[in-house]
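> make a model of this:
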Amino acid sequence: MSEPQRDYKDQAEPLRKHMSRVESRTERKEGDLPSRKDIHRHRKKKKRGIQMTFPLVRLLLMTFILIVLLLIFSPYWLNL
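Presented below is the predicted three-dimensional model:
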């Protein structure tokens, strides 16, 4: 008994070629990327404290805090 002839077209061959190209591309890209440690270190440097870019919001917030403080301490000042 001989092996049957393979006259059919291998349907998976184009996919195998495509995957080998994709894998070779990803291997090259991984070497070019910085380490995770470097990325997160720079990310922490960029973070700041409370940052408000809107001057009106800042003004309203400061006014609100001032009013609350005045309401808290006004009984002490009025009794002096």
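> please enumerate the helices of the chain.
For the chain, the helices defined by DSSP state H occupy 13-32, 36-46, 55-78.
> centre of the chain to the last one, how far?
This points to helix 55-78. How far helix 55-78 lies from its chain's middle: 37 Å, per CA atoms, centre = their mean, to the nearest Å.
> sorry, back to before: redo the helices of the chain as JSON lines? Include mean pLDDT and mean neighbour count.
Where C-beta positions appear, they are placed from N, C-alpha and C, glycine not excepted. Listed next are these as JSON lines, based on pLDDT from 0 to 100; neighbours: other CB atoms under 10 Å:
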{"stretch": "helix 13-32", "mean pLDDT": "78", "mean neighbour count": "9"}
{"stretch": "helix 36-46", "mean pLDDT": "72", "mean neighbour count": "9"}
{"stretch": "helix 55-78", "mean pLDDT": "92", "mean neighbour count": "10"}
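> report the separation between residue 40 and residue 34.
Residue 40 sits 10 Å away from residue 34, going by CB to CB, to the nearest Å.
> and residue 15, by the same measure?
32 Å.
> same deal with residue 16?
32 Å.
> got it, and residue 42?
Counting by CB to CB, the gap from residue 42 to residue 34 is 9 Å.
> can you check residue 58 too?
36 Å.
> again, but for residue 54
34 Å.
> what of residue 62?
Separation of residue 62 from residue 34 (CB to CB): 41 Å.
> same question, residue 56
For residue 56, the distance to residue 34 (CB to CB) stands at 40 Å.
> for residue 76, same thing?
Residue 76 is 57 Å from residue 34, by CB to CB.
> and residue 33, its phi and psi?
phi -80, psi 150 (degrees, to the nearest 10).
> tally of neighbours for it?
9 (other CB atoms under 10 Å).
> pLDDT at it, what is it?
Note on residue 33: pLDDT of 74.
> and if you look at residue 5?
58.
> cool, residue 48 as well?
The confidence metric pLDDT takes the value 62 at residue 48.
> one more: the one 4 residues further on?
Residue-level confidence at residue 52 comes out at 60, pLDDT.
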